[in-house]
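Got a predicted model here, sequence first, then my questions.
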Amino acid sequence: MELKFQKKEIDMKCLHCQGTMEKGSSPLHIDRKGCHLTLDHVPAWICAQCGEAYFEEAEVIAVQELIALIDQKAQPLVANA
Ligand SMILES: [Zn+2]
């Protein structure tokens, strides 16, 4: 899984094409130990030019907490392969 995020202090320009970033949302897929979670609309900055999505720190932290919970709670539900 790849989480990209751009600090707020930085002028919001796309790292790929220097396009203008617009506040929007992006789907996010999390794959953990046989457990797959899809969030359809995570708040994000979207490049108006190439569509690249960047998540802010608050969302990245929330997602990391969610992953930690999944690791913990899904363990009894995942049989060893
Ligand atoms: Zn771009």
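Thanks, I have it.

Write out the residues of this structure neighbouring the ion.
Proximity of the chain to the ion, by Cβ under 5 Å from the ion, involves residues 14, 16-17, 19, 47, 49-50, 52. In short, each C-beta sits where N, CA and C put it, glycine included.

Filter these down to just the buried residues.
Neighbour-count burial (16 or more other Cβ atoms under 10 Å) applied to the residues of the chain next to the ion gives 14, 19, 47, 52.

Pull the most distant pair out of those.
19 and 52 (8.1 Å; Cβ to Cβ).

any idea where the strands of the protein begin and end?
Taking DSSP state E as the criterion, the chain carries its strands at 21-32, 35-47, 53-54.

For the shortest one, name the packing helices and strands.
Think strand 53-54. Strand 53-54 is packed against strand 21-32, strand 35-47, with contacts defined by 3 or more Cβ pairs under 8 Å, 6 or more residues apart in numbering; DSSP states H and E.

Flag every buried residue along stretch 47-62.
By neighbour count on 16+ other Cβ under 10 Å, the buried set for stretch 47-62 is 47, 52-55, 59.

quick one: which of those is nearest to the ion?
Set against the ion, the nearest of the buried residues of stretch 47-62 by Cβ to the ion is residue 47 (3.2 Å).
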